[in-house]
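Colleague: Take a look and give me a structure for this.
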Amino acid sequence: MRAIFDGALYDTDDVEDNVEVVRVSSGHFRNDVNFSCRTLLKTPLNHFFLHCEGGAGSIYAERDGDAMSWGESIQPLNKSEALEFVTLEAEKGNEQAVDALIAWMKDTHNPIYQIGRP
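Modeller: Below you'll find the model as predicted:
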């Protein structure tokens, strides 16, 4: 999925350049109508965005005629919002978020540490 916000391109398919910071899944299989997932990504230009997607029974579903179908969206986040997302997920016990926060505190080359740096 691609979207442009304030002149910046956000592309979920750009797996070579974007860094996955934290992924939060509903725990359902991807082919389950109740599946949902939120992924915080960081672009090479230090922009953060949340990629949300889900099945027809999820909060991300989109109307398709008289039915609901798979849906997805992109939401840009500033550095404070990205850090808040990671922190809240770490507090819930999301191990990937905990690891990201620990790495941020230890490693200046970690993508999380570089939040807001040019």
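Colleague: quick one: pLDDT of residue 1?
Modeller: In the predicted model, residue 1 carries a pLDDT score of 88.
Colleague: ignore the last one, residue 113
Modeller: On pLDDT, residue 113 comes in at 49.
Colleague: Equivalent analysis for residue 50, please.
Modeller: Per-residue confidence at residue 50 stands at 95 (pLDDT).
Colleague: Name the residues that touch the helix or strand where it lies?
Modeller: According to DSSP states H and E, residue 50 maps onto strand 48-54. For strand 48-54, the surrounding residues in contact (C-beta atoms under 8 Å, 6 or more residues apart in numbering) are 1, 10, 12, 21, 26, 34-43, 60-61, 70-79, 81-82, 85, 115. (Each C-beta comes from the backbone N, C-alpha and C, glycine too.)
Colleague: Cross those against helices and list the overlap.
Modeller: 79, 81-82, 85 (DSSP state H).
Colleague: lowest-confidence helix or strand of this structure?
Modeller: Of all helical and strand segments in the chain, the minimum by mean pLDDT, DSSP states H and E falls on helix 95-106, at a mean of 79.
Colleague: what's across from the nearest residue to residue 77 once chain neighbours are set aside in the sheet?
Modeller: Nearest-residue entry for residue 77: residue 48, 4.4 Å, with adjacent residues in sequence omitted and distances by C-beta to C-beta, 6 or more residues apart in numbering. Beta-bridge pairing of residue 48 under DSSP bridges involves residue 42, residue 77.
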